[in-house]
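[1] need the 3D shape of this:
(chains A, B, C and D)
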Number of protein chains: 4
Amino acid sequence: MRFFSDNAAPACPAVMAALQDANQLDTAYDGDQWSARIDAAISDLFETEAVGIWVTTGTAANGLALSAMCPPWGSILCHRFAHIEQDEAGAPGFYAHGAKLTLLDGPGAKVASQAIDDAMAAIRKDVHQVQPACLSVTNATEYGLAYGRNEMAALGEAAKRHKLKFHVDGARFANAVVSTGCSPAELTWKAGVDALSFGFIKNGGMSAELLVLFDTALADTIRVMKKRAGHLQSKGRFAAAQILAMLENETWLDNARAANIAATVLAEACGERLVYPVEANELFVKMTPDEAAAIRAQGFDFYDWAAGEVRLVTSWDQDMGAVEKLAEAIRRL
Amino acid sequence: MRFFSDNAAPACPAVMAALQDANQLDTAYDGDQWSARIDAAISDLFETEAVGIWVTTGTAANGLALSAMCPPWGSILCHRFAHIEQDEAGAPGFYAHGAKLTLLDGPGAKVASQAIDDAMAAIRKDVHQVQPACLSVTNATEYGLAYGRNEMAALGEAAKRHKLKFHVDGARFANAVVSTGCSPAELTWKAGVDALSFGFIKNGGMSAELLVLFDTALADTIRVMKKRAGHLQSKGRFAAAQILAMLENETWLDNARAANIAATVLAEACGERLVYPVEANELFVKMTPDEAAAIRAQGFDFYDWAAGEVRLVTSWDQDMGAVEKLAEAIRRL
Amino acid sequence: MRFFSDNAAPACPAVMAALQDANQLDTAYDGDQWSARIDAAISDLFETEAVGIWVTTGTAANGLALSAMCPPWGSILCHRFAHIEQDEAGAPGFYAHGAKLTLLDGPGAKVASQAIDDAMAAIRKDVHQVQPACLSVTNATEYGLAYGRNEMAALGEAAKRHKLKFHVDGARFANAVVSTGCSPAELTWKAGVDALSFGFIKNGGMSAELLVLFDTALADTIRVMKKRAGHLQSKGRFAAAQILAMLENETWLDNARAANIAATVLAEACGERLVYPVEANELFVKMTPDEAAAIRAQGFDFYDWAAGEVRLVTSWDQDMGAVEKLAEAIRRL
Amino acid sequence: MRFFSDNAAPACPAVMAALQDANQLDTAYDGDQWSARIDAAISDLFETEAVGIWVTTGTAANGLALSAMCPPWGSILCHRFAHIEQDEAGAPGFYAHGAKLTLLDGPGAKVASQAIDDAMAAIRKDVHQVQPACLSVTNATEYGLAYGRNEMAALGEAAKRHKLKFHVDGARFANAVVSTGCSPAELTWKAGVDALSFGFIKNGGMSAELLVLFDTALADTIRVMKKRAGHLQSKGRFAAAQILAMLENETWLDNARAANIAATVLAEACGERLVYPVEANELFVKMTPDEAAAIRAQGFDFYDWAAGEVRLVTSWDQDMGAVEKLAEAIRRL
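    Below is the predicted model of the structure:
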């Protein structure tokens, strides 16, 4: 019974069916009929004109967005625990040609607008110091917290105040939408977001993420950089078809809801053990090594995180029977 | 009836079946059981110890190889018509951090060892001129010519003579193997090749290519660069499974053979019209605009290339009935 | 008697005096009184508002200009024999973050507007091919030819036609001004030039070149890149003072005139031996190895260039007695 | 009476005389007789075989060193207040092709070996996290503290333990040598240092710093990168001559001693106001805005640093009368 990563889950039936449907002759790269439908689908979902650019990884989506939002000599404000800082092998420095990350602090990997103001105030406006050009936050955060519409709006105002472009890493955007009850629009362009890395893979996709551009003027640069970075697939129809399948019939919301519900059940069982509130599909749980061993002995699989802390992640296909068993096991500790 | 690109063809049944098989729980990234089998499969095929690194595009495979084979201040010798020069949006400059391409001439996009010697002789060995670090050739070439074992060996000797690493862009490597009757080993490491971008997508794959490293010391750097470039997919099992499916039962050879045979039938019909010998699955055919229009009017789809020249490309799934019809139509011109 | 490089010449008296004058307390970097006078001096000379940015090498001036005129994914049109292609160790690829050079042909290292049109016509406007963003020509060229006002205007129109920024490498700009009799304005902004690398070092300076921006909107980016590239000297007053000294009293013109006159005297002696017309301070002269050895035996120092060809370079301080002797020696061959 | 920057001071007489001496015909770039003497001079001073590479700025020296010590996908450990992080416009990211800085904490901008161990322990050894390749410390630090031989040896051992190259930014290395009484060798290669950015400009030079390589295998790469970065001056003899002049007759030590003595006099006057011990030529002094204004009203010039804190910097040419007056003024506060 697996609780170690939503990347370990299979692809959902809608995605597998879409691949079969798309397995026909069509134009190469992104000239196919599926790719052609992405912009309309995404504009509809976000209630505004937007451009959607499929890629195969969140790292690529983030890197491409940042390459267009930050010059080589600029910096990107992000949280110290942001995925782009911690887990992408320096991809932002590569994609943005040597640009740097300026790190912010805050509990639960959350960025507060005050932290942005403080960071900007500490930077001299001269050629000796690197000037931030862009803000990037993750929703839901790397610790499973979700920003709601008001928090996002405050961040957007801070970005505007300091003339920063605004990017959201939404590897678990679906979980944040479900958790906050906010609309996709409220969590993005209505709050001033210019670009969203919209994650599908952890949420039941196979190999396609979508970079959504609300600042559509970024699209030309990003399309060139996408090819230059080797991310323009020859048979792009298979990527586009996955995205469309996830968006149709609200599959992306159903999948995220399932994962979030499983997390909620576990959260109740964890109670005081929780390090952070559970607002998506990740739980960080205080557990001694002995306790963790006892749980594992009952067939549950998960990661140790920090000392005396484990991470549980639920997925779109989580078996609720296993969830109940794990909840029960934790309660019994 | 389509003859414009092998990228337009669907994925073959073995690949689609492999995706279904791989759609199960497993470890993320490249920790899965399919990825774990790649090295053995590829070492078996090439009759030597080799490392195989899956990626989603040939541009990525080429870029990653070159990033490890050429320092930022070096250059890569390649043909003026090489894909890395003409059609990858400057990816080598991006991946290799500003490294440059030094262009060679030769008929049919083929590089001769003499051209390498001449280029090297023209470069002063000082800090003012960029020093080549690497040779990259394409087999089959961008004009559908295949290098045989002797030609490859001569190139390998030239590379060794000038202390250059040796890379092969094998987007249509399968077609070259079939066409020359040489073994994969003879066309690569036995000739001194350090790395091969082994193409599967044009040959019936969906979204996976394989970078094959005979110089296995390159692997560590390339694995880091792969993550840094956003090419380490979360659910890598789907990429690895495609590669394994293509290698099993010689599907990759059967597919290439089918495409080559279709090209051969067309080649006979084209006769004197051929600009180059047909040694893979591409034909460059002299045809006036009126003639091209006449062919198109019969339902055939293909690209105009240069003035008075069209390109025909055959695929693994080419309908032989359509091929015969096109051959007949060309003969009637 | 030295004819091998104008880089070998000493600094001229005006420059040495200026260094003594500037050797006093002042603000660091470019906040000093000499740096503050550059823009006015240069605007006066060029008869338009311009920004002047001192650097220590022509390679730095070129690299900085190109970094602001070409995005990382773009290319720079230049002649195959341009200094930026041949002799700067790949600096444009470094400064412009992986941008590439697209090479043009033409006699005497000269670019004709037709060559620009042809190059642009050969590039597909898609994401697969690198799109040129900038044109760079050298005046006087690497083979000692000078572009006059009409030629420059034609290049400027071509640049405008193709939406290219326009840069001039003027390592020997002074020699071109003297040779053509055109005004600095006519050879630059009046012809559509956006930025000029204005060379002083070969012309009697010690360690300061000036990047002149007619498109003053480039200045902010270039100032940041200058610091980022380690070219903002702590005691910048010494660089600025050199530039001002060269500009005052037309020292830069007097020096160039002296070098050009020496070249003219040699040119007359060379007659039919000249490979190119002599329009600056460089001569490329057909000479057998035996002839070259005979000249050298008389105490003259110069470079072999191509087979059967030598290069003679004259400097601001060229001793006219030595020049006459060399002229005589060549005539006697 | 100026106490705001040692960059504001003039060049010392020995340097000015050297420029006059070097103002003669010689070979271009670094082929001249002065450049040829650098390695011997520096090897003598450091009591080991070393290579010295002149450049015009400390930023260039640092950037070049780091470009050879850290791959594009690696990181450089340095203090949060290191000049390379705070004041070089992101030059390390540019020179090292997107490499990143991993920041360490510690009082007085000093790095302790424990901080290195802690940082390394926190980094997973996988492809997702950027792996440090290099350690860079500043001696004297940005807050005027000097590392002695034991501290340097401990850092060197930590670097070795973690397989890191070891770089020292020695913009004020002379002040540290004078202050600690340690030999140049003890503060560098005897402690495991691979490369030192040896500063001369703040210490009485005009426009030349020296990158000293104890790991001489780095030299080839750095020479290429130096040209590629536009730092190989045409008339390099003027840079080399400055360095030699500073080294001869221990001018570099005399100059640093003068600055340090002036700082010591001020330190005694500051007493409890000092934020850090004074171990070089910088003082960080607690002072209310009113107090600072009172001092300035008496004709003293210096920078405000943090809130309630000013910075005083002394130079090689500091007038001791002014120093005594400032000391007196501070005592009177």
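
[2] which strands or helices does the lowest-mean-pLDDT helix or strand in chain A pack on?
    Least confident helix or strand of chain A, by mean pLDDT, DSSP states H and E, is strand A:303-304 with a mean of 94. On a contact count with 3 or more C-beta pairs under 8 Å, 6 or more residues apart in numbering or on different chains; DSSP states H and E, strand A:303-304 meets strand A:309-313. Yep, even glycine has a C-beta here, placed from its N, CA and C like the rest.

[3] just confirm yes or no for the very next helix or strand once past the strand it packs on near chain B.
    Next along the chain after strand A:309-313, taking DSSP states H and E as the criterion, comes helix A:320-332. No. Applying C-beta under 8 Å from any C-beta of the partner chain, one finds helix A:320-332 separated from chain B by no less than 11.8 Å.

[4] wait, A:Ala191 touches A:Leu155, no?
    Yes. Between A:Ala191 and A:Leu155 there is a contact at 6.9 Å, judged by C-beta atoms under 8 Å.

[5] more neighbours: the two, which one.
    A:Leu155 (26 against 23; other C-beta atoms under 10 Å in any protein chain shown).

[6] for the more buried one, give its distance to A:Thr138.
    12 Å (C-beta to C-beta, to the nearest Å).

[7] how about A:Val178?
    Per C-beta to C-beta, A:Val178 is found 16 Å from A:Thr138.

[8] what's the next secondary structure element after whichever helix in chain A runs longest?
    Counting by DSSP state H, the longest helix found in chain A is helix A:251-270. Later in the chain than helix A:251-270, the nearest helix or strand by DSSP H and E is strand A:282-286.

[9] one step back: common neighbours of A:Ala191 and A:Leu155, please.
    Common contacts of A:Ala191 and A:Leu155 (C-beta atoms under 8 Å, 6 or more residues apart in numbering or on different chains): A:Phe166.

[10] can you give the contact residues for stretch A:300-309?
    Residues contacting stretch A:300-309 (C-beta under 8 Å, 6+ apart): A:1-5, A:275, A:284-289, A:292, A:295-296, A:310-313, A:322, A:325-326, A:329.

[11] quickly run through the sheet partners of the least confident helix or strand of chain A, with directions.
    Sheet pairing of strand A:303-304 (DSSP bridges) gives strand A:309-313 (antiparallel).

[12] and the partner strand, how far out from the chain's middle?
    Put simply, strand A:309-313 sits 18 Å off its chain's centre (C-alpha atoms, centre = their mean, to the nearest Å).

[13] got it, and stretch A:293-307?
    25 Å.

[14] in that stretch, what's buried?
    For stretch A:293-307, the neighbour count (16 or more other C-beta atoms under 10 Å in any protein chain shown) marks A:295, A:300, A:302, A:305 as buried.

[15] farthest-separated two in those?
    Across those, the longest distance by C-beta to C-beta is 14.9 Å; it joins A:Phe300 and A:Trp305.

[16] report pLDDT for the closest residue to chain D within the stretch 201-333 of chain A.
    Relative to chain D, the nearest point of the stretch 201-333 of chain A is A:Ala306 (10.5 Å; C-beta to the nearest C-beta). What the model reports for A:Ala306 is a pLDDT of 89.

[17] quick check: A:Arg311 touching A:Met287?
    No. Using C-beta under 8 Å, A:Arg311 is not in contact with A:Met287, being 10.1 Å away.

[18] check the contacts of stretch A:300-309 for burial and list the buried ones.
    Buried subset of the contacts of stretch A:300-309 (neighbour count, 16+ other C-beta under 10 Å): A:2-5, A:275, A:284-285, A:287, A:292, A:295, A:310-313, A:322, A:326, A:329.

[19] any idea how far C:Ala28 is from A:Leu232?
    47 Å.

[20] who's more crowded, the two?
    Legend: neighbour count by other C-beta under 10 Å for A:Leu232 and C:Ala28, higher for A:Leu232 (26 against 20).

[21] so what's that one scoring on pLDDT?
    You'll see A:Leu232 listed with a pLDDT of 98.

[22] please apply the same query to A:Arg37.
    98.

[23] name the nearest residue to it, sequence neighbours excluded.
    Of all residues not flanking A:Arg37 in the chain, A:Leu244 sits nearest, at 6.0 Å (C-beta to C-beta, 6 or more residues apart in numbering or on different chains).

[24] that neighbour belongs to a strand?
    No. Assignment of A:Leu244 by DSSP: H, G, I helix; E, B strand; the rest coil gives helix, placing it outside any strand.

[25] that one reaches A:Ser35, doesn't it?
    No. Counting by C-beta under 8 Å, A:Leu244 sits too far from A:Ser35 to count as a contact (9.4 Å).

[26] distance of the residue in the stretch 151-300 of chain A that chain C sits nearest to from C:Asp215?
    Per C-beta to the nearest C-beta, the residue of the stretch 151-300 of chain A with the smallest distance to chain C is A:Lys227, at 4.3 Å. The gap separating A:Lys227 from C:Asp215 is 29 Å, by C-beta to C-beta.

[27] these two: who's more crowded?
    A direct count of neighbours by other C-beta under 10 Å for A:Lys227 and C:Asp215 places A:Lys227 higher, at 25 against 19.

[28] what average pLDDT does the helix or strand containing the more buried one get?
    Taking DSSP H and E as the definition, A:Lys227 sits inside helix A:219-228. Across helix A:219-228, the average pLDDT comes to 98.

[29] contacts for it?
    Identification of contacts with helix A:219-228 by C-beta under 8 Å, 6+ apart yields A:51, A:53, A:55, A:60, A:64-65, A:67-68, A:95, A:211, A:213, A:232, B:59, B:88-91, B:94, C:71, C:73, C:127-128, C:131.

[30] could you list the buried residues of it?
    A:219, A:221-228.

[31] just the CA atoms of that helix, as PDB, please.
    The C-alpha trace of helix A:219-228 is given here as PDB (Å, rounded to 0.1, in the frame of the first residue of the first chain):
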ATOM      1  CA  ALA A 219       4.300  32.800 -26.100                       C
ATOM      2  CA  ASP A 220       6.600  33.600 -29.100                       C
ATOM      3  CA  THR A 221       9.700  33.500 -26.900                       C
ATOM      4  CA  ILE A 222       8.600  30.400 -25.100                       C
ATOM      5  CA  ARG A 223       7.800  28.500 -28.300                       C
ATOM      6  CA  VAL A 224      11.300  29.100 -29.600                       C
ATOM      7  CA  MET A 225      12.900  28.200 -26.300                       C
ATOM      8  CA  LYS A 226      10.800  25.000 -26.200                       C
ATOM      9  CA  LYS A 227      12.200  23.900 -29.400                       C
ATOM     10  CA  ARG A 228      15.700  25.000 -28.400                       C
END
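
[32] count of residues packed around A:Gln114?
    For A:Gln114, the neighbour count with other C-beta under 10 Å is 12.

[33] that one: which element?
    With DSSP H and E as criterion, A:Gln114 is part of helix A:113-121.

[34] helix or strand right after that helix?
    That would be, after helix A:113-121 and using DSSP H and E, strand A:131-138.

[35] helices or strands up against the helix holding A:Gln114?
    strand A:100-104, strand A:131-138, helix A:149-161.

[36] any part of stretch A:80-90 near chain D?
    Yes. Contact between stretch A:80-90 and chain D, assessed by C-beta under 8 Å from any C-beta, occurs at A:86-90.

[37] between these, which sits nearest chain C?
    The closest of those, once distances to chain C are taken by C-beta to the nearest C-beta, is A:Gly90, at 15.4 Å.
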